[in-house]
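> need a structure here:
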Amino acid sequence: MATNKKFADDESFPYPLLCDTDREICLAYGGCQSKDDGSSKRITCVIGADGKVVHIFRDVNAREHTQEVIDVL
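Residues are numbered from 1 along each chain as shown. Have a look, this model is predicted:
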């Protein structure tokens, strides 16, 4: 999606952003209730080099979250 690319370019992200317009990934990881539900939960999934989920944070507290992720990594 063009808006994701522009945002990534503006912020100098060294990796591509995922655009889940059909909400399939959101559903698979428990970030939303249905394809028609407009709301989403703030979650973080840490995925290892082997492609397997290492850890899922379901109750993200923005103030503490960076350190929580670092601790898992």
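> Skipping its backbone neighbours, what lies nearest the residue nearest in space to the middle of the chain in space?
Nearest to the mean C-alpha position of the chain, counting by CA atoms, centre = their mean, stands residue 44 at 5.2 Å. Excluding the flanking residues, the one nearest residue 44 by CB to CB, 6 or more residues apart in numbering is residue 57, at 4.3 Å. Placement of C-beta: from N, CA and C, glycine included.
> What is the neighbour count of that neighbour?
With neighbours defined by other CB atoms under 10 Å, the count for residue 57 comes to 15.
> Also residue 31?
Neighbours around residue 31, by other CB under 10 Å: 19.
> Could you check how far it is from residue 65?
Distance from residue 31 to residue 65, counting by CB to CB, to the nearest Å: 15 Å.
> Give me the longest helix you can find in the protein.
Ranked by residue count, the top helix of the chain under DSSP state H comes out as helix 62-72.
> And that one, what does it pack against?
strand 44-47, strand 53-57 (3 or more CB pairs under 8 Å, 6 or more residues apart in numbering; DSSP states H and E).
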